[in-house]
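Engineer: How does the following fold in three dimensions:
(one chain, ligands or ions: 1)
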Amino acid sequence: MQSTSESNQFTLITDTLTKFAYQGFQQNKSLFSLAHKTISDRLTSIFVPETENIAQPLSPKILLELERRRNQLCEADWQDAQKGVYPVDTLFDSLWQDFLRYYPNIWIDLPSIWSRLQKKEYQKFSSEIEQQGYPRYYLQNFHHQTDGYLSDMSANLYDLQVEILFSGLADSMRRRILAPLKQGLTKFSSVPPHQIKVLDVACGTGRTLKFIRATLPKASLFGVDLSPAYLRKANQLLSKNPRELPQLTQANAEDLPHPDNFFHGVSCVFLFHELPAAARQQVIEECFRVMKPGGILTICDSMQLLDSPEFDVVMENFPAIFHEPYYRDYIQDNLVKRLEKAGFEKIETEVHFVSKYWIARKPEIA
Ligand SMILES: C[S@@+](CC[C@H](N)C(=O)[O-])C[C@H]1O[C@@H](n2cnc3c(N)ncnc32)[C@H](O)[C@@H]1O
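Structural biologist: Down below sits the predicted model:
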């Protein structure tokens, strides 16, 4: 039989090896993203010369600080997995299948993006794309994506593009909502786990829901998004999991199709910077309405000028390079005030890498 000290030693060795593997996994993604961005930016500046000096160079101080924040994010991700917030294998979740199938399409799509850039077209959709029924602010080629959020190819490329944009850290950034969400739900410890209801607003291709499922294996999960194509993609991803399938609904987050006081938890990742100010407030009000008293809201989005002024160049570059029409307004917007206006309390904020997080509670007696 193994003694306790032998077993502790074995755990220490496997943990150390797993951590090395995780660091190597992240490092490889980061190097790949850097290579991709370098080549793609170079080609873009050759074919659309007016984009050449559009982004300001980042100082060595900013690059060092980004590297420091990057390492901190990876460490926090690792620590949460160690503490059992989510299983360690979640850290190694990857986009291999999409990568093998769709990565060439990112390059194939570049000439269409260059053509739109040259013509300054930012709201262009193929003729077969149905544009009826969407808010005007939504009908944009966000990030210069062909057909915006409204085609299957856009949904197939989205996660790869976000992963490259964030140097392989997009999922680690999403996972920062999980510990406060899980902690916030302990308030409902008398509710059987399968009766806990959690909604992911603007769930996109379902990656956040996938991580919420890993964190809360028994909970009833729900997702809402405006894009039918992204919901189809989310359905493909989430139906691979043998556990109960989240209920996915096409709807505007400004007008959620759920009853009042329904969810114990609500999350929302990378939505607010793509909304005009009035829509931001309305989505927050809707999150408040559908949450049960005592429920927990966790938001993840871009860092803001308010708390990361040292990164102002990074935040100026982002909407200059990518089409993000509401971003400049977003980085100056005080979401704490908006949350308070809706009725939320105990609002906390955190910043990790280039993201910001809001954790807020609906009061017990609303
Ligand atoms: C940047 S993506 C984020 C997707 C996902 N949460 C993630 O972590 O990758 C923004 C998503 O918000 C959705 N969206 C934008 N405006 C919306 C609205 N008013 N109501 C519902 N979904 C919306 C888009 O269709 C898209 O899937």
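Engineer: biggest strand in the chain by residues?
Structural biologist: In the chain, ranked by residue count with DSSP state E as the criterion, the top strand is strand 291-302.
Engineer: That one near the ligand at all?
Structural biologist: No - judged by Cβ under 6 Å from any ligand atom, strand 291-302 and the ligand are separated, with a smallest distance of 7.7 Å. The way it works is simple: take the backbone N, C-alpha and C, and place the C-beta from them, glycine included.
Engineer: Need the residues that contact the next helix or strand after that strand.
Structural biologist: The helix or strand immediately downstream of strand 291-302 is helix 312-321, counting by DSSP states H and E. Applying Cβ atoms under 8 Å, 6 or more residues apart in numbering, the contact partners of helix 312-321 are 51, 54-56, 58-59, 62, 66, 302-305, 308, 324-325, 327-328, 331, 354.
Engineer: Just the CA trace of helix 312-321, in PDB.
Structural biologist: Extracted in PDB, the C-alpha atoms of helix 312-321 (Å, rounded to 0.1, in the frame of the first residue of the first chain):
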ATOM      1  CA  ASP A 312      -4.900  53.900 -23.400                       C
ATOM      2  CA  VAL A 313      -2.800  53.100 -26.500                       C
ATOM      3  CA  VAL A 314      -4.000  49.500 -26.600                       C
ATOM      4  CA  MET A 315      -7.600  50.700 -26.200                       C
ATOM      5  CA  GLU A 316      -7.200  53.300 -28.900                       C
ATOM      6  CA  ASN A 317      -5.600  50.800 -31.300                       C
ATOM      7  CA  PHE A 318      -8.400  48.200 -30.900                       C
ATOM      8  CA  PRO A 319     -11.300  50.100 -32.600                       C
ATOM      9  CA  ALA A 320      -8.800  51.600 -35.100                       C
ATOM     10  CA  ILE A 321      -7.800  48.200 -36.300                       C
END
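Engineer: What's the local residue count around L199?
Structural biologist: Using other Cβ atoms under 10 Å, L199 is surrounded by 30 other residues.
Engineer: Work out for me the element it sits within.
Structural biologist: Using DSSP H and E, L199 maps to strand 197-201.
Engineer: helices or strands up against the next helix or strand after that strand?
Structural biologist: Next helix or strand after strand 197-201 toward the C-terminus (DSSP H and E): helix 207-215. Judged by 3 or more Cβ pairs under 8 Å, 6 or more residues apart in numbering; DSSP states H and E, helix 207-215 is in contact with helix 170-175, helix 178-185, strand 197-201, strand 220-225, helix 228-238, strand 263-269.
Engineer: Distance to the ligand and mean pLDDT added to those, as a markdown table?
Structural biologist: Output for the helices and strands packed on helix 207-215, formatted as a markdown table (distance: least, Cβ to the nearest ligand atom, whole Å; pLDDT from 0 to 100):
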| stretch | distance to the ligand | mean pLDDT |
| --- | --- | --- |
| helix 170-175 | 6 | 98 |
| helix 178-185 | 13 | 98 |
| strand 197-201 | 7 | 98 |
| strand 220-225 | 5 | 98 |
| helix 228-238 | 4 | 97 |
| strand 263-269 | 4 | 98 |
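Engineer: quick revisit: what lines up beside the strand holding L199 in the sheet?
Structural biologist: According to DSSP bridges, strand 197-201 forms sheet pairs with strand 220-225 (parallel), strand 263-269 (parallel).
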